[in-house]
Every structure is written in C-alpha cells, then in structure tokens.
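[1] I would like to see how this sequence folds:
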Amino acid sequence: MTVSDDSARLRQAPDVVACTLEGGNALLDLASSNYYTLNGSAAMVWEWLGSGATVAELIDRMLETFDVEREVCADDVQAVVASFEDAGLIVRGD
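    Have a look, this model is predicted:
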C-alpha cells in the first residue's frame, strides 16, 4: 500500500496495544516488542484508525480539529500514516 492511496481503509494492527498518556499515547507492538510514543496529533490519528479510516478521512478530521492549510495537513497526516505503516502498526481492512 502506498500512502498516496487515500481511499484504502486502514486499521490498527491487531497485535498493537495502546494506552493514553498525558499529551499522547504509548503503543506496544506485541509481535515485535517495539514500543512507540505518540504526540497529541499522532495519537488522534491512531484513535481514528481504531474504527477504520482512509487517509482522506483522516485529513478531513484533522482539518475539522485544527486551523491548518490542507496541503500542510495532508503532508503531516501522510507522514504519520507512513510511519505507522513502516512500523507495521496498521493494516488494510474493510
């Protein structure tokens, strides 16, 4: 999957557990034993992926939440999604 595929439905990988911290989230990938910390906006993206979302939907939700230009928002959301994908934290799913 490429991040530019805005229509692909993405979900949290089943082997990843999360807990809420002040100002963000912590993720533990049980399959790899890797631990990740997320800032507030990445934690929002992670939360929205819990029920499944496309990159386009994530961008729209961020634009509803923050006063930011669409291009900047799209770049930031795509970077977060790419980092989740590279780490194996998200999967495609319906």
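
[2] contacting residues around stretch 36-50?
    For stretch 36-50, the surrounding residues in contact (Cβ atoms under 8 Å, 6 or more residues apart in numbering) are 10-12, 18, 20-21, 23-29, 57-58, 61-62, 65-66, 76-77, 80-81, 84, 87, 89-90. In short, each C-beta sits where N, CA and C put it, glycine included.

[3] try 6 Å
    When contacts are defined by Cβ atoms under 6 Å, 6 or more residues apart in numbering, stretch 36-50 is touched by residues Leu10, Gln12, Gly23, Gly24, Asn25, Ala26, Leu27, Leu58, Arg61, Val80.

[4] show me where this protein has helices.
    40-49, 55-65, 70-86 (DSSP state H).

[5] how near is Met44 to Ala31?
    Distance, Met44 to Ala31, by Cβ to Cβ, to the nearest Å: 24 Å.

[6] looking at these two now, which is surrounded by more residues?
    Higher neighbour count among Met44 and Ala31: Met44, with 20 against 11, using other Cβ atoms under 10 Å.

[7] quick check: buried residues in stretch 53-73?
    Buried residues in stretch 53-73, counting neighbours by 16 or more other Cβ atoms under 10 Å, are found at Ala53, Val55, Glu57, Leu58, Ile59, Arg61, Met62, Cys73.

[8] where does the protein have low pLDDT?
    Across the chain, the ranges flagged by pLDDT under 70 are 1-5, 94.

[9] quick revisit: got a markdown table for the contacts of stretch 36-50, with distance to Gly40 too?
    Listed next are the contacts of stretch 36-50 as a markdown table, based on distance: Cβ to Cβ, whole Å:
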| residue | distance to Gly40 |
| --- | --- |
| Leu10 | 20 |
| Gln12 | 18 |
| Gly23 | 6 |
| Gly24 | 5 |
| Asn25 | 9 |
| Ala26 | 13 |
| Leu27 | 14 |
| Leu58 | 15 |
| Arg61 | 14 |
| Val80 | 12 |
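
[10] fine by me, thanks again.
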